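Undergrad: Provide a 3D model corresponding to the input given below.
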Amino acid sequence: MRASPAARNRLSRAQLFTIVIVAVVLAATGAVAYVLTRPEAPLRILSIDISPDPAVPGTAIVVDVHAEGGSALSPLSVELHYASFFAGGGGGGGTMEDRGGGHFTSDLPALENHTEVWLFAYAYTRSQGPVFSSHLVFPVGTILRGGASGLAFTNVTQVPERPGPLDTVKVTARVDSAATITEVRSAFAWLHMSFGSFGATSFSSGGGEGPVQEASPGVYTTAFPGMGGAPGGGGFEHGTVWFYRLTAADDTGNVAGTDILSFTVA
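TA: This next block holds a predicted model:
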């Protein structure tokens with residue numbers, strides 16, 4: 001028996017509906033596959049800011065980092081490190097909170113007047129990084145710089161310049177002042193990151209203060225061995241990135257600090 005024209009039309013409409021459904025499913029599957037498998041966008045930190053700016057004594061400080069990069073399967077993470085000096089002391093950091101739109105934030109505790117803060121951030125994914133932000137050094141309230149005593153770092157040297165995993169890095173600094181120098185401090189931070197198979201990311205980090213000794217009048221030294229006090233320890237793996245700075249104060253209240261210095265373990 002031959003099918004009537006109406007039956008043939010109904011069959012055609014059913015076939016058309018099936019084709020449309022299959023096409024929609026294939027398109028959706030393709031879109032999901034594209035999102036999941038497209039290459040990672042390059043990592044960039046676009047900005048790092050604080051609020052309030054300038055920082056106010058006794059008021060918490062919000063750090064905002066604007067970053068981009070990564071993918072759906074390799075999302076972007078941002079970490080913060082900070083240290084404080086002079087009236088303040090100590091430091092910290094950790095994973096910043098993802099606020100959406102590429103913005104990540106962390107809150108610093110309220111700090112005393114006459115404190116100086118050093119901070120920076122770094123970004124990474126499962127297969128990229130770390131990418132570092134610029135370093136911020138800023139006062140909380142007021143600090144005295146360029147006072148009449150002329151306190152200043154006039155020379156800073158690092159030996160060796162390109163340390164290996166078994167080296168101890170020695171830093172020597174000349175500090176001049178017409179007044180009595182009351183303190184010289186050394187603060188540091190380090191980061192080591194490696195990437196394994198199947199998107200595994202391994203990283204370790206540390207920070208704190210190194211002991212500073214007066215080797216001779218006006219000449220101060222500090223050293224960065226591996227963590228735990230022995231060369232070759234954590235923090236001295238191949239590729240570890242170190243940042244450090246020195247600060248000084250004298251009995252007139254004048255303060256001074258070096259630039260942010262760095263090296264990478266060869």
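Undergrad: did I read that right, Val184 in a strand?
TA: Yes. Applying DSSP: H, G, I helix; E, B strand; the rest coil, one finds Val184 inside a strand.
Undergrad: and it, what are its bridge partners?
TA: Beta-bridge pairing for Val184 (DSSP bridges): Ala248.
Undergrad: how close does the nearest residue to Gly69 once chain neighbours are set aside get to Leu151?
TA: Using Cβ to Cβ, 6 or more residues apart in numbering and skipping the chain neighbours, the partner closest in space to Gly69 is Leu43 (3.7 Å). Heads up, the C-betas are built off the backbone N, CA and C, glycines and all. Distance, Leu43 to Leu151, using Cβ to Cβ, to the nearest Å: 39 Å.
Undergrad: Between the two, which has more neighbouring residues?
TA: Higher neighbour count among Leu43 and Leu151: Leu151, with 23 against 19, using other Cβ atoms under 10 Å.
Undergrad: Surely that one is in contact with Ala179?
TA: Yes. Assessed by Cβ atoms under 8 Å, Leu151 is found in contact with Ala179 at 7.2 Å.
Undergrad: Spit out the residues that contact these two alike.
TA: Asp250, Thr252, Asn254 (Cβ atoms under 8 Å, 6 or more residues apart in numbering).
Undergrad: dump the residue contacts of the first one.
TA: So that's Asp250. By Cβ under 8 Å, 6+ apart, Asp250 lies in contact with Ser149, Leu151, Ser177, Ala179, Thr180, Ile181, Thr182.
Undergrad: for the second one, same thing?
TA: Counting by Cβ under 8 Å, 6+ apart, Thr252 touches Leu144, Gly147, Ala148, Ser149, Leu151, Ala179.
Undergrad: Can I get the buried part of these as one PyMOL selection?
TA: To isolate the buried ones among those in PyMOL, judged by 16 or more other Cβ atoms under 10 Å, type:
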select buried, resi 144+147+149+151+179
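Undergrad: Tell me the one of the contacts of Thr252 nearest Gln213?
TA: Proximity of the contacts of Thr252 to Gln213 (Cβ to Cβ) peaks at Leu151, which lies at 18.9 Å.
Undergrad: Gly70 versus Gly102, what's the distance?
TA: For Gly102 relative to Gly70 (Cβ to Cβ), the value is 10 Å.
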